[in-house]
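In: Here is my input; please provide its structure:
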Amino acid sequence: MESQILRYDKAEFIETDTGNKVSRKSIICGSQNIVLGGKTIIQRDCMVRGDLRRTGTGHAVVVAIGRYCFLGERSVIRPPYKTYKGVFNYYPMKIADHVYIGEGAVVEAAQVGSYVHIGRDAVIGRFAVIKDCCRILDGAVVPPNTVVPSFSVYGGAPAKLVDELPESTQELFEAQTKDFYYSKFLPN
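Out: Numbering: from 1, shown residues only. The predicted structure is shown next:
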């Protein structure tokens with residue numbers, strides 16, 4: 001999590017009723033299929049692909065993002081896909097609360113748990129499941145279908161377990177994300 005104060009141009013961001021701050025310079029495709037939980041920050045040049053959904057009629061949530069999340073500049077959030085019995089389909093993606101996604105990261109996971117830090121330029125493969133209280137290091141490449149267990153630190157290419165996090169990770173990360181939203185992400 002970034003500890004320095006990050007200034008932003010208030011005219012560049014749209015603030016929703018639930019406190020989400022979305023850059024006008026971000027790329028949000030299929031916004032009717034994206035749910036933001038509240039107090040989420042989406043930086044400039046971030047791409048969220050809600051238009052990539054299963055074929056058929058009806059409303060479907062493709063990307064669900066929880067509260068106090070931060071999507072860094074140039075990050076890409078897109079739902080996972082696969083061909084099953086000859087039919088190509090996209091599947092929903094859920095990002096839980098207090099998740100930090102660093103600059104240039106690409107996330108195609110099926111699920112990202114709460115209190116997760118995904119580093120700069122990391123790649124999370126299709127259908128990966130990242131459990132609660134994890135850290136993915138900068139530049140890590142998590143292979144498709146990987147399950148990252150709780151309280152673990154993954155790094156490298158391909159990513160593997162390199163360290164463990166303390167049990168206090170949840171409280172520390174919650175305090176950091178709330179502090180960043182209220183005290184460190186400030187208008188000019």
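
In: so Ile95 bridges to which residues?
Out: Residues found in beta-bridge contact with Ile95 (criterion: DSSP bridges) are Ile65, Val112.

In: and it, how many neighbours does it have?
Out: Burial of Ile95 is recorded as 26 neighbouring residues (other C-beta atoms under 10 Å). In short, each C-beta sits where N, CA and C put it, glycine included.

In: ok, it - contacts?
Out: Ile95 makes contact with Val63, Ala64, Ile65, Gly66, Cys69, Ile77, Val107, Gln111, Val112, according to C-beta atoms under 8 Å, 6 or more residues apart in numbering.

In: Tell me the one among those nearest to Phe173.
Out: Of all those, Phe173 sits closest to Cys69, with 11.6 Å by C-beta to C-beta.

In: can I assume the closest one is in contact with Ile41?
Out: Yes - look at Cys69 against Ile41 with C-beta atoms under 8 Å: they come within range, at 7.4 Å.

In: got any ranges where this structure has weak pLDDT?
Out: 1-3, 56-59 (pLDDT under 70).

In: Could I get the contacts of Ile95 in TSV, plus columns for neighbour count and distance to Cys29?
Out: TSV is the format used below for the contacts of Ile95 (neighbours: other C-beta atoms under 10 Å; distance: C-beta to C-beta, whole Å):
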residue	neighbour count	distance to Cys29
Val63	25	10
Ala64	17	15
Ile65	24	14
Gly66	20	20
Cys69	27	18
Ile77	26	10
Val107	27	15
Gln111	17	21
Val112	27	19
